[in-house]
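> only geometry, no sequence info:
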DNA sequence: ACGCTCCGAGAAAACGCTTTCTCACAATTC
DNA sequence: GAATTGTGAGAAAGCGTTTTCTCGGAGCGT
């Protein structure tokens, strides 16, 4: 049986009693069913407002088989990129009367599957944001998580809409941009190894080096955070490169800060680029050249795909391939002409 | 009746059938009730794993009268402060097996009450984060939202734990710091009028001016965002002040950026301070002097208060007054000795 | 005036689970 | 060996809704 006899929340039965009708009728009125006599409907409505009745969503969910809630799993809620996606998702979903339940895997890829499952069972759908798990695991998990939308990953089956960012293209454009400014010695501050988007960047850079044999490109280990960027100052300086491609804006900002402490002038002595165009990128000193990804729009789009999935009958046509977002080169003041070779 | 006959999710009945027992027994086994014969328990467990059975949380919630979920209402999810609180809350709650449902009021104070109510009904408790609504409304709403934890606001009744930051003290310390550096003309870039924390800052500054008759302090309209800070450059320059107290770190960063564009050197020509110590404050150029608020800890503490509320019987002793967090002056490079008067 | 259809509202089943109640059977006691 | 206690599992009620089913009564046609 249920819980103890606290001051019971007022329920549909109370309204029914007060209005002198059955629960069924109250339910009908609350849901705008017009087969109810206007007189009675009014009586019910009066009773409801007087008792300040609010339907219990849990009971409702059980009966309806839906929760009007979607879940999102992110690897790290402290990353502005994921925060922005979450925000876009949340705002867009709210527009349609849906709520968002969050789950942070703290970059622990082994937790993702459990978290995703738990969240999914409580919700009508799931957005999996840049999952760190292996392809095989994702593939195996996907069917049980449907309806689901992927961000920055794909599955082979076409049931799962996927939102991708063309990091490869973006990083190439950044590299080209630096080359256009006369830089011949570049360095890439790589991100987390498990990150699929890091892989895409590497692939893009491979294409780039193939197309520019004369350009030197060093690979430096980094990370995805401020601290990572800040700590890589020494490695960057040791590399001798004059054009630095940071994994993302956060890393670039950390680097900028470290360089400033060392008295290295940006962009006079060295050029630095980021990736993502987080809101802060516009306000660093100097302002950050980056590849702009429409991150909040990504979240918003994720909801729209999800909404389509939820609304139509399951037996729907596959969504086709992933939607690919092209980053847009955003030239600001952290990149400039290469210093004269000494 | 329930929903249509899709490929029904597998439920407790299926397990019961497969194991040749009643649902009751399955439920007992799943909940670790030891009054079940080990042989049968094993059989049930086998059936459950074979069918990959996972209890439906909605049914469970209805029967148990709890959802293992808490809600949080924030005024603006794009504000790093609220993001950090959300993160702290989410991580701490996850530790105890609770999930977080988010609601963003988009700074629309009239929406807060509805959002809060909706979220509360779906959850076991609610964290109201810096609500913009009027005192009277908050007071009226509070009883129906219990259990609830407030951040940056209080109610007169002591049932609602409240987490406060002593913005008044913090801003005074920042002002004193600037005075200590020789600044005699200060300006405060105010935040949103509806923000209670802005009120606290103003009160603190009132004390400050009372204690320092010789110091000039101008009040400038600002906001709470980058853009606000960036746009106030003209007003700041026009004020003639050399020490600027920004409403928060975001505003300070926007201002920093604007000043840099104008060629104003910080801190040589002008000192700028923020508030909150968001992670970015450490990596601006120059690094930002600010008053550090333990924001993620705030979220974490909010969960702990909530947990206490949820765990013990309702008839508990009042939590006492609000918990007050003292900001800590964090001197970095954006503040320096006042320029020589010309 | 009789029967037929239609309409509106109550009764009851269903959603998926937990938990009390109940009872059959085995084990203990005198 | 009969009465008694104990134990373990099924039956059923309950959580708060929605929705189908059902049925009484009003309205209509012939």
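Yep, that arrived. Predicted model only: the values in this text are computed from it and were never measured.
> Residue numbers of chain A in contact with DNA strand C?
Contact residues (Cβ under 7 Å from any atom of the strand) of chain A with DNA strand C: A:1, A:20-25, A:35-37, A:39-40, A:59, A:62-63, A:65. No exception for glycine: its C-beta is placed from N, CA and C like everyone else's.
> From these, which land in strands?
Using DSSP state E, no member of those sits in strands.
> Quick check: helices, which of those are part of them?
A:23-25, A:39-40, A:59, A:62-63 (DSSP state H).
> residue ranges for the helices of the stretch 1-150 of chain A, please.
Taking DSSP state H, counting those that start in this stretch as the test, the helices found in the stretch 1-150 of chain A are A:12-19, A:23-30, A:38-51, A:57-64, A:80-95, A:109-122, A:135-145.
> Can you tell me which of the ones in helices among the residues of chain A next to DNA strand C has the most neighbours?
Using other Cβ atoms under 10 Å in any protein chain shown as the neighbour test, those are led by residue A:25, with 22 neighbours.
> Contacts only, for that one.
With contact set as Cβ atoms under 8 Å, 6 or more residues apart in numbering or on different chains, residue A:25 has these partners: A:16, A:19, A:36, A:40, A:44.
> Now with 10 Å, please.
Residues counted as contacts of residue A:25 (Cβ atoms under 10 Å, 6 or more residues apart in numbering or on different chains) are A:12, A:15-16, A:19, A:33, A:35-37, A:40-41, A:43-44.
> mind listing what's buried in the helix or strand hosting residue A:198?
Element membership for residue A:198 (DSSP states H and E) is helix A:196-211. Going by neighbour count (16 or more other Cβ atoms under 10 Å in any protein chain shown), the buried part of helix A:196-211 is A:196-198, A:200-202, A:204-205, A:208.
> ok and it relative to helix A:80-95, angle-wise?
Interaxial angle, helix A:196-211 versus helix A:80-95 (axes from the mean of the first three to the mean of the last three Cα atoms, to 10 degrees): 120 degrees.
> from the chain's centre, how far out does helix A:196-211 sit?
22 Å (Cα atoms, centre = their mean, to the nearest Å).
> burial of the residue lying closest to residue A:27 once chain neighbours are set aside, as a residue count?
Of all residues beyond its chain neighbours, the one nearest residue A:27 is residue A:12 (6.4 Å), with distances taken as Cβ to Cβ, 6 or more residues apart in numbering or on different chains. Here the number of neighbours of residue A:12 (other Cβ under 10 Å) works out to 20.
> Residue A:12: what's it in contact with?
A:22-27, A:30, A:48, A:53, A:55-56, A:59-60.
> Closest one of those to chain B?
residue A:59 (5.9 Å; Cβ to the nearest Cβ).
> can you pull the contacts of the closest one?
A:11-12, B:58, B:61-62.
> if we go to 6 Å?
residue B:62 (Cβ atoms under 6 Å, 6 or more residues apart in numbering or on different chains).
> Within the helices and strands, which one has the residue lying closest to residue A:233 once chain neighbours are set aside?
In space, and not counting its chain neighbours, residue A:233 is closest to residue A:258: 3.6 Å by Cβ to Cβ, 6+ apart. Using DSSP H and E, the element containing residue A:258 is helix A:249-262.
> Please list the residues outside that helix that contact it.
A:189, A:222, A:225-226, A:228-230, A:233, A:246, A:266, A:272, A:274, A:276, A:278, A:281, A:284, A:288, A:290, B:283, B:285.
> same thing with stretch A:174-182?
Under Cβ under 6 Å, 6+ apart, the answer for stretch A:174-182 is A:208, A:215, A:243, A:245, A:271, A:273, A:291, A:337-338.
> Could you export the residues you listed as JSON lines, including pLDDT and secondary structure?
Listed next are the contacts of stretch A:174-182 as JSON lines, based on pLDDT from 0 to 100; DSSP: H, G, I helix; E, B strand; the rest coil:
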{"residue": "A:208", "pLDDT": "96", "secondary structure": "helix"}
{"residue": "A:215", "pLDDT": "94", "secondary structure": "coil"}
{"residue": "A:243", "pLDDT": "96", "secondary structure": "strand"}
{"residue": "A:245", "pLDDT": "97", "secondary structure": "strand"}
{"residue": "A:271", "pLDDT": "97", "secondary structure": "strand"}
{"residue": "A:273", "pLDDT": "97", "secondary structure": "strand"}
{"residue": "A:291", "pLDDT": "97", "secondary structure": "strand"}
{"residue": "A:337", "pLDDT": "94", "secondary structure": "coil"}
{"residue": "A:338", "pLDDT": "87", "secondary structure": "coil"}
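> still on that earlier bit, show me what the helix holding residue A:198 is packed against.
Judged by 3 or more Cβ pairs under 6 Å, 6 or more residues apart in numbering or on different chains; DSSP states H and E, helix A:196-211 is in contact with helix A:167-180.
> got the angle between the helix or strand that comes right after the helix it packs on and helix A:167-180?
Downstream of helix A:167-180, the next assigned helix or strand under DSSP H and E is strand A:185-189. Orientation check (the same axes, to 10 degrees): strand A:185-189 against helix A:167-180 gives 150 degrees.
> Close to chain B: what parts of the stretch 51-200 of chain A are there?
A:57-59, A:61-62, A:65, A:77-78, A:83, A:87, A:90, A:99-102, A:104, A:121-122 (Cβ under 6 Å from any Cβ of the partner chain).
> Of those residues, grab the buried ones for PyMOL.
A single PyMOL command selects the buried members of these (16+ other Cβ under 10 Å):
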select buried, chain A and resi 57+58+61+62+77+78+83+87+90+99+100+101+102+104+121+122
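> filter the residues of the stretch 51-200 of chain A next to chain B down to the ones near DNA strand D?
Subset of these in contact with DNA strand D: A:58-59, A:62, counting by Cβ under 7 Å from any atom of the strand.
> for the helix holding residue A:258, the distance to its chain's centre please.
That offset, for helix A:249-262, works out to 25 Å (Cα atoms, centre = their mean).
> What angle do strand A:185-189 and it make with each other?
Per the same axes, to 10 degrees, the angle that helix A:249-262 makes with strand A:185-189 is 120 degrees.
> which parts of helix A:249-262 are buried?
A:249-260.
> Stretch A:234-252 too?
Those would be A:236, A:239, A:241-252, for stretch A:234-252 by 16+ other Cβ under 10 Å.
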